[in-house]
Each structure stands twice: as C-alpha cells, then as structure tokens.
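A.B. asks: When you get a sec, could you give me coordinates for this:
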Amino acid sequence: MIRLLRPLCRGTTYTRLLHLWVPMLVVSVWALIDDTTLWVPAAVLVPIGFVPAVRTGEGVQARLLLTPGHEDSAFSVAPSANWRDRLRTVVWLQVRMLLGALTTGVCVWLPILAVELVRQALGHRVDDIPLLRDAAPHWAYVLLAPLPLLALYGSVVALGALATAGARALLGPSAAERLSVLEERTEQLLERNRIARELHDSIGHALTVAVVQAGAARAANSAEFTDRALTAIEETGRAALEDLERVLGVLRESERPAGSRPTLADAGRLLESARASGAEVDAEVAGPLETLPGHVSREGYRMLQEALTNVLRHAGAVPARVRILVADGALTLDVRNPLPDASVAPGRGGGLRGIRERAALLGGRAHTGPDDAGDWAVRVELPRG
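C.D. replies: Take a look at the predicted model:
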C-alpha cells in the first residue's frame, strides 16, 4: 500500500503534471476566442514543429519537468538536424497536446464527480452529470466518493509516465547525435589515459634521474661530482615541473592546445639528462624531425623519455645507444642497453606497456625486450600520420 502511494510524495509527479498542463494554456486562451474550433491550436503546432529550435525547447522542458534532478541524456537538446528529427518533433507536439487534453479532463471532471457523489449522499439532486441525473439521493453514495479521487491519482501518474516514455522515444537523440556522444566519450577516455601516461613518463623520469644522481654522488664522494649531480637534479626537476604544469593545464582548460607539449625537437634535453645521470649515451639523429606531424613528434618524445627512464631505473650507468630516424614518411626510435640481469623478463612495467599503447594508437608498433645480442631493446616504428 505504501508503495502505491509513494508517487504522491515525489516532486516528479507534480512536475510531470505541470508539463502536461502547459499546452492547455494555449488551448484555454484560444477557447476564449472561439470555443468551437479547439482543433486550431493542434493544427498550428504542425508548422511550428518543423522549426529546428523547437526541438531544443522541448528537450529542455522534458529534462526539467519530466525527469527533474537528473541529467537524462535520453532527451536531446540539440536543434533538429534533418527532416526525420523535425517529423519526430511534430509528432511529439501532437502527442503532448493529446495527453494534456486527457490530463485536463480527468483533473477537472473526476474531482467534480467526487463532490457530486458527496452532495448526492447529503440529499441533493445532481442534474449536471448524466450518471447521477436519474439517481435518487442516498447516503451510500459517500462510499463511492473516494473512487474518482483514486482514479484521478492513477490517471495523473500513468499519464505522466506515458508522457515521459513518449518524450524519450520522440525527443531522444538521433543516430548522428548518439554517434557524436560516443565519440566524445571515447575522446574523454583517451584524454584521461594520455594524461595518466604523461604524468607517469614525466614525473617517473625526473624521480629516476634524481635517485640515480643522488646515489652516484654519495658513492663518488666527490664535491665536484656532487655539484654536477645537484645541477642535473635541479634541471630535471624544473623540466618535470614544466611538464606537470602543462598536464594540469589540460585538466584546467579542456580547450588548451596540445602544441605546448615537448616534441622530438627537444630530445637533446632528455639525452643530456641521461648523460648527467651517468649513462653513456651514444645518440644518432637522422632525418628531418621538423617534418613530423605534431602528434607523432609529441608521442615519440614521451616514448623516448620512458625508454631512457627504463635504462636508468633498471640498468643504471651503462652504455646506451639511441637512434632516431625519420625516413620514408615514418619515424623509428631504437634504444638499446646491456642487460645487467639476464633473468629480466620483457614487457613488464606500466611504462613499457604505455609505449606499446601509444604506438598502437598511432597505427604503429613497438617491441620491448631482450634482442638476439643479449641487449635490452626498445624499438618503435610509427607511420608519419
């Protein structure tokens, strides 16, 4: 019983009732002009429904009144983009007008019927209602008085639910809008993953350099080497702070351009940082890096950063060979270093997985693991875009 009466305590029941009454305001005004042609307002709604902006207004009303308090994406708030959307809007306006007329009828006549039943029970004759016109007054009619009120309650709840279902069917997003929403969500997920990789690569590289430099300075026990190590830690930390500010800027400003992120043109900074950490880096850069598309160059920089971080973290101050080649419209990155422990398994760690994911997203491929010569190799091949 409590479950059946629960809609009485919900604001949604009354906002839906208001939504159904709104079209009747126009009908009421027209009735003052000519009560013999009440079909005219419904006819006027047909050309109005073809106006693209009307769909936006109906969608906003549906969100605010049919599902208040909920961000219901089932109602589109975009203007009509094609004739199919316009026709659906026209049909919805007619359905809303019909449901509004039914709601107004039950909200007027059912309470009147309840009152007349009470009057009939009190001994008054009722001549305005055909069902009671020939009935003799009797006290038992008071027992029937609650029935019209229960019917009113059920009708209001049912018509509100019917209006909501009809709005979802007729004002719902078109196929193009659903595809646009799906693409937007996909872009958001990709952006989140990219930000996570940015933070991992940049901050992880800086911390690795700082740890390696601090350990080397303590082992060297040399004031000159310690000074160089502190300088390298300072420069690496400053670069990491700049990268962090760029990544946080993406979170603060969704429209911030990606062009401010470092590219392979800044690869020298990574190589010098690795050398300052004690690694013997033999670097070779061939081909016009400036001809690479921005997204390829930016992702290539992050993959090179992660590969060098991997060398410092797991191999330490060992010789490393870095090859950056741009040829035939493709980018090739190759980073190799001796394996300090032959038992190291290829492909472990979030950084190496991030390299493979970046390469796959760009339509390229990446190999990480021991090569035939016994070195650890990170090789990435990316199309030009």
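A.B. asks: Which positions within stretch 320-338 qualify as buried?
C.D. replies: 320, 322, 324-326, 330-337 (16 or more other C-beta atoms under 10 Å). In this view, the C-beta of every residue, glycine as well, is placed from N, C-alpha and C.
A.B. asks: Show me what whatever helix or strand Val285 lives in is in contact with.
C.D. replies: Using DSSP states H and E, Val285 maps to strand 280-286. Residues from elsewhere that reach strand 280-286 (C-beta atoms under 8 Å, 6 or more residues apart in numbering): 267, 271, 274-275, 308, 317-327.
A.B. asks: swap the cut-off to 7 Å and go again
C.D. replies: Residues outside strand 280-286 that contact it (C-beta atoms under 7 Å, 6 or more residues apart in numbering): Leu271, Ala274, Arg275, Pro319, Ala320, Arg321, Val322, Arg323, Ile324, Leu325.
A.B. asks: OK, contacts around the second one?
C.D. replies: Listed by C-beta under 7 Å, 6+ apart, the contact set of Ala274 reads Val281, Leu308, Leu312, Ala320.
A.B. asks: next SSE after the strand holding Val285?
C.D. replies: Per DSSP H and E, the first helix or strand lying C-terminal to strand 280-286 is helix 294-314.
A.B. asks: Show me what the helix or strand just after that following helix packs onto, helices and strands only.
C.D. replies: Sequence order places strand 319-327 as the next helix or strand after helix 294-314, per DSSP H and E. Contacts defined by 3 or more C-beta pairs under 7 Å, 6 or more residues apart in numbering; DSSP states H and E place strand 319-327 against helix 267-276, strand 280-286, strand 330-338.
A.B. asks: Report the buried residues of the shortest one.
C.D. replies: Residues of strand 280-286 classed as buried under the neighbour-count rule (16+ other C-beta under 10 Å) are Val281, Ala283.
A.B. asks: Check the offset of that strand from the chain's centre.
C.D. replies: 42 Å (C-alpha atoms, centre = their mean, to the nearest Å).
A.B. asks: List the contacts of Cys9.
C.D. replies: By C-beta under 7 Å, 6+ apart, the contact set of Cys9 is empty.
A.B. asks: Then Glu116?
C.D. replies: Val126, Ile129, Leu132.
A.B. asks: And the closest residue to the second one other than its chain neighbours, how far from Leu122?
C.D. replies: With C-beta to C-beta, 6 or more residues apart in numbering as the criterion, Ile129 has its nearest non-adjacent residue at 5.5 Å, and that residue is Glu116. Applying C-beta to C-beta, to the nearest Å, the value for Glu116 to Leu122 is 11 Å.
A.B. asks: what do you get for Gly204?
C.D. replies: Between Gly204 and Leu122 the distance is 86 Å, computed by C-beta to C-beta.
A.B. asks: between those two, who's got more neighbours?
C.D. replies: Neighbours per residue (other C-beta atoms under 10 Å) separate Gly204 from Leu122, with Gly204 holding more: 20 against 11.
A.B. asks: Which pLDDT does the model give the more buried one?
C.D. replies: Here the pLDDT value assigned to Gly204 is 71.
A.B. asks: now Arg252
C.D. replies: pLDDT, Arg252: 60.
A.B. asks: what does the one 3 residues further on give?
C.D. replies: What the model reports as pLDDT for Glu255 is 50.
A.B. asks: ditto for Glu235
C.D. replies: Confidence score, pLDDT, at Glu235: 76.
A.B. asks: ditto for Glu183
C.D. replies: At Glu183, the pLDDT value in this model is 58.
A.B. asks: With distance to Arg168 and mean pLDDT added, can I get the helices and strands packed on strand 319-327 in JSON lines?
C.D. replies: Converted to JSON lines, those look like this (distance: least, C-beta to C-beta, whole Å; pLDDT from 0 to 100):
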{"stretch": "helix 267-276", "distance to Arg168": "53", "mean pLDDT": "81"}
{"stretch": "strand 280-286", "distance to Arg168": "58", "mean pLDDT": "87"}
{"stretch": "strand 330-338", "distance to Arg168": "48", "mean pLDDT": "89"}
